[in-house]
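>>> Following is a predicted model, sequence given first.
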Amino acid sequence: MRPVLPSLQLAERVCAGDRRAIARMLSRAEAGSEEAREALDVIYRRAGSAHVVGITGVPGSGKSTLVAKLAAAVLKSGRKIGIIAVDPSSP
């Protein structure tokens, strides 16, 4: 079993681009702990000129297709992208 990293140490790995650390931080953020909030504050301050884009629409309207095309264009330009899928109708 792996030792559990404190969220602030995990934040450093997130900022370095460690995908596993990003996944773990997302889980902690979703849980809403105070420690995770502090770590997210560190990450936010280092985010620089990151953009946040929300895509919404009815089922079958092409959201996934649009996101896939946008992601491909962003990656082709040499930039990085992160996609978080949220279904507000799902518990």
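Yep, that arrived. Numbering: from 1, shown residues only.

>>> what comes up buried for stretch 23-37?
Residues 24, 25, 28, 29, 36 are the ones in stretch 23-37 that count as buried (16 or more other C-beta atoms under 10 Å). All C-beta atoms are positioned from the backbone trio N, CA, C, and that covers glycine.

>>> Check the burial of the residue nearest to residue 74 when sequence neighbours are not counted by counting its neighbours.
Distances taken as C-beta to C-beta, 6 or more residues apart in numbering place residue 81 nearest to residue 74, at 4.6 Å, with adjacent residues excluded. Neighbourhood size, residue 81 [other C-beta atoms under 10 Å]: 14.

>>> Quick check, residue 81 in contact with residue 72.
No. Assessed by C-beta atoms under 8 Å, residue 81 is found out of contact with residue 72, at 9.5 Å.

>>> Residue 11 contacts residue 39, correct?
Yes. Using C-beta under 8 Å, residue 11 is in contact with residue 39, at 4.0 Å.

>>> what is in contact with the two at once?
Taking C-beta atoms under 8 Å, 6 or more residues apart in numbering as the criterion, residue 11 and residue 39 both touch residue 25.

>>> Need the residues that contact stretch 34-41.
6, 7, 8, 10, 11, 14, 25, 28, 29.

>>> quick one: which of those residues sit in helices?
Among these, the residues falling in helices (DSSP state H) are 7, 8, 10, 11, 14, 25, 28, 29.

>>> how about the strands of the protein, start to end?
Counting by DSSP state E, the chain has no strands at all.
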